[in-house]
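Participant: for reference, the sequence and a predicted model appear below.
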Amino acid sequence: MALQEDQTQSRAHPEDDKVILSVRDLTVAFGEKKVLDSLDLDIYRGEILGFVGASGTGKSVLMRTVLRLLPHSSGSIRILGVDYEHADEQQRMQLDMQLGVLFQHGALFSALTVKENIQLPMREYLDLPQSLMDELAYLKIEMVGLAPDAADKYPSELSGGMIKRAALARALALDPALVFLDEPTSGLDPIGAAEFDQLIAKLRDTLGLTVYMVTHDLDSLFSVCDRIAVLGQKRVLVEGTLDDMLACDDPWVKSYFRGKRARSVVTEDDHHNGAGPGK
Ligand SMILES: Nc1ncnc2c1ncn2[C@@H]1O[C@H](COP(=O)(O)OP(=O)(O)OP(=O)(O)O)[C@@H](O)[C@H]1O
């Protein structure tokens, strides 16, 4: 199985790049209501994919389905070349360890300290002595730019930005290959949001992480995302660089990427290296 492949990073994926997540013909319905219908999506190793779409189009449903928190009616989801449904128990556990998740509001356990939150996945999947788990937790805390004394703080003692970082540290606890971020910059001020974006880019560059980021944040899309996918009409309407978005005639895509707010971000960020124009 393909879980141990090397993690060479790839930004502007050429054809032969490795697909880390492959979704085919995916249909998800609640009763009679289809939310996703025959959706296809690929994510390439080492890229930051920004996922956008109007409210209620199914971005969370797709992410939760890929994470197997929701069932699908038909279609396949392959992660690192493995279809979870056809995997044995050992493969499933290995796959689980390759996925990290940062939920929108951090979703830290309030009765646990930051260190204990980070160690939860370690306790679930690994059998390590406490001293090693402590070392690892401090490493993750440093990795996300928190001070060491954050380790013994409870979530209620942290600012919004610190909660996001602590939750990211927990998402990275098992050194996953693919991290899902649900609106990671929502609720942060513009400076905090920009710093968080830069942290994501740095982690991708240093760890070779692949990032699936659901976001409404135009700054994030333009500054750190290598590729953008737009969800609409129950499927991926368009995917590619910002230039591809700008060339798209779908009315929602047009107003989102060519609207007044988008134009002001593009003007400010012309020099950035993300999916923005000129890349
Ligand atoms: N558990 C559920 N049961 C029934 N319907 C659901 C359930 N979860 C989501 N839906 C419906 O699926 C649709 C897509 O919801 P989803 O939360 O994925 O949208 P979204 O694109 O993430 O929106 P937003 O940007 O506002 O977060 C909505 O119509 C929602 O009501």
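Facilitator: Sure, I can see it.
Participant: wait, does stretch 57-65 contact the ligand?
Facilitator: Yes: counting by Cβ under 6 Å from any ligand atom, the ligand has neighbours in stretch 57-65: 57-61. (C-beta placed from N, C-alpha, C; glycine too.)
Participant: give me the contacts around that stretch.
Facilitator: 23, 26, 28, 35-36, 39, 41, 51-53, 70-72, 77, 180, 182, 212, 214, 231-232, 234 (Cβ atoms under 8 Å, 6 or more residues apart in numbering).
Participant: show the average pLDDT along that stretch.
Facilitator: For stretch 57-65, the mean per-residue pLDDT is 93.
Participant: now the buried members of the contacts of stretch 57-65.
Facilitator: Neighbour counting with 16 or more other Cβ atoms under 10 Å marks 23, 26, 28, 35-36, 39, 41, 51-53, 70, 72, 77, 180, 182, 212, 214, 231-232, 234 as buried within those.
Participant: mind checking which of these are in helices?
Facilitator: Among the buried ones among the contacts of stretch 57-65, no residue falls in helices (DSSP state H).
Participant: out of those, who's near the ligand?
Facilitator: 35, 53.
Participant: mark which of the buried ones among the contacts of stretch 57-65 are part of strands, please.
Facilitator: In this view, the buried ones among the contacts of stretch 57-65 that belong to strands under DSSP state E are 23, 26, 28, 35-36, 39, 41, 51-53, 77, 180, 182, 212, 214, 231-232.
Participant: what about the stretch 151-279 of the chain, any weak spots by pLDDT?
Facilitator: Applying pLDDT under 70 to the stretch 151-279 of the chain flags the ranges 261-279.
Participant: chain center to stretch 149-159: distance?
Facilitator: 24 Å (Cα atoms, centre = their mean, to the nearest Å).
Participant: er, stretch 55-65 actually
Facilitator: Put simply, stretch 55-65 sits 13 Å off its chain's centre (Cα atoms, centre = their mean).
Participant: give the buried residues for stretch 206-222.
Facilitator: Applying 16+ other Cβ under 10 Å to stretch 206-222 flags 207, 209-222 as buried.
Participant: for stretch 43-60, same thing?
Facilitator: Buried, per 16+ other Cβ under 10 Å, within stretch 43-60: 43-53, 57-60.
Participant: swap in stretch 143-161?
Facilitator: 143-146, 150-151, 153, 155, 158, 161.
Participant: what residues does the longest helix seen in the chain touch?
Facilitator: As assigned by DSSP H, the longest helix anywhere in the chain is helix 190-207. If you take Cβ under 8 Å, 6+ apart as the criterion, helix 190-207 is touched by 7, 9, 46-48, 143-145, 160-161, 164-165, 168, 172, 175, 181, 184-185, 188, 209-211, 213, 217, 219-220, 223-224.
Participant: from those, which land in strands?
Facilitator: Among those, the ones falling in strands (DSSP E) are 48, 181, 210-211, 213.
Participant: in CSV, list those residues along with distance to the ligand.
Facilitator: Converted to CSV, those look like this (distance: Cβ to the nearest ligand atom, whole Å):
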residue, distance to the ligand
I48, 19
L181, 13
T210, 21
V211, 17
M213, 13
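Participant: chain center to stretch 34-49: distance?
Facilitator: Using Cα atoms, centre = their mean, the offset of stretch 34-49 from its chain centre is 12 Å.
Participant: renumber starting at 194 from here on
Facilitator: With 194 as the first residue, the last one maps to stretch 227-242.
Participant: in the longest helix of the chain, which residues are buried?
Facilitator: 385-390, 392-394, 396-397, 400.
Participant: which one of those residues sits closest to M315?
Facilitator: For the buried residues of helix 383-400, the closest approach to M315 (Cβ to Cβ) belongs to L400, at 17.1 Å.
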